[in-house]
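Trainee: What follows is a protein structure lacking sequence information:
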């Protein structure tokens, strides 16, 4: 299955969550076993022969792909969650959203110093969430081995916030 065939499995929902937004609904790809499997295999391919110690996945849809990639690559997974959702001691970073700000957290003991970390999320839009995740990894002494997305919304130029990091996007809209 090609990336274009995977792209065709993603449903477009106009005016969600608000008027003027075209939402890329991945649930239609997720429910298709062969498509989901192919997406995971394709996302894993660039990292098969590279040293990855752990995957960091961003809440919530990033957990889906992060967990599958961790299994495929034989490494662990570390969740990055919204403030107040993790039970042990955390560090956090607050970042700007289009309207307001949000805070992400990671367990303080989640990343070993100099660990090679693959950051995974389902979607790259403006890049703010991913940049916050990268900042958390770096605060713990981890090194960014790569950043991987199922989808990149190229018009929103999120890659510009992530210059200098190796980025892999499977599908571009």
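Mentor: Received, thanks. Since the model is a prediction, treat every value here as computed from it, not as a measurement.
Trainee: if you average pLDDT over stretch 32-49, what comes out?
Mentor: In this model, stretch 32-49 has a mean pLDDT of 98.
Trainee: The residue nearest the centre of the chain: what's it in contact with?
Mentor: Closest to where the C-alpha atoms of the chain average out (CA atoms, centre = their mean) is residue 121, at 1.3 Å. Listed by CB atoms under 8 Å, 6 or more residues apart in numbering, the contact partners of residue 121 are 57-58, 61-62, 65-66, 129-130, 133, 148-149. From N, CA and C alone the C-beta is placed, and that goes for glycine too.
Trainee: In CSV, list those along with neighbour count, pLDDT and distance to residue 77.
Mentor: Formatted as CSV, the contacts of residue 121 follow (neighbours: other CB atoms under 10 Å; pLDDT from 0 to 100; distance: CB to CB, whole Å):
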residue, neighbour count, pLDDT, distance to residue 77
57, 27, 98, 6
58, 24, 96, 11
61, 17, 95, 14
62, 26, 97, 10
65, 27, 98, 10
66, 26, 98, 5
129, 21, 95, 17
130, 26, 97, 16
133, 26, 98, 13
148, 25, 98, 13
149, 25, 98, 16
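Trainee: sorry, back to before: indicate each strand paired with the strand or helix carrying the residue nearest to the centre of the chain and its parallel or antiparallel sense.
Mentor: Residue 121 belongs to strand 116-124 when assigned by DSSP states H and E. Using DSSP bridges, the strands paired with strand 116-124 in its sheet are strand 54-58 (parallel), strand 143-152 (parallel).
Trainee: Quickly compare those and say which is most buried.
Mentor: strand 54-58 (a mean of 26; mean count of other CB atoms under 10 Å).
Trainee: ok, residue 114 touching residue 141?
Mentor: Yes: here residue 114 lies in contact with residue 141, judged by CB atoms under 8 Å, at a distance of 6.3 Å.
Trainee: Name the SS class of the residue with the largest distance to the centre of the chain, please.
Mentor: When distances are taken from the C-alpha mean of the chain, residue 19 lies farthest, 25.2 Å away, according to CA atoms, centre = their mean. Taking DSSP: H, G, I helix; E, B strand; the rest coil as the rule, one finds residue 19 in the coil state.
Trainee: Model confidence for it, exactly?
Mentor: Confidence score, pLDDT, at residue 19: 95.
Trainee: Next, it: phi, psi?
Mentor: Backbone geometry at residue 19, expressed as degrees, to the nearest 10, gives phi -50, psi 130.
Trainee: Equivalent analysis for residue 40, please.
Mentor: phi -60, psi -50.
Trainee: you'd agree it is up against residue 72?
Mentor: Yes: counting by CB under 8 Å, residue 72 is a contact partner of residue 40 at 5.8 Å.
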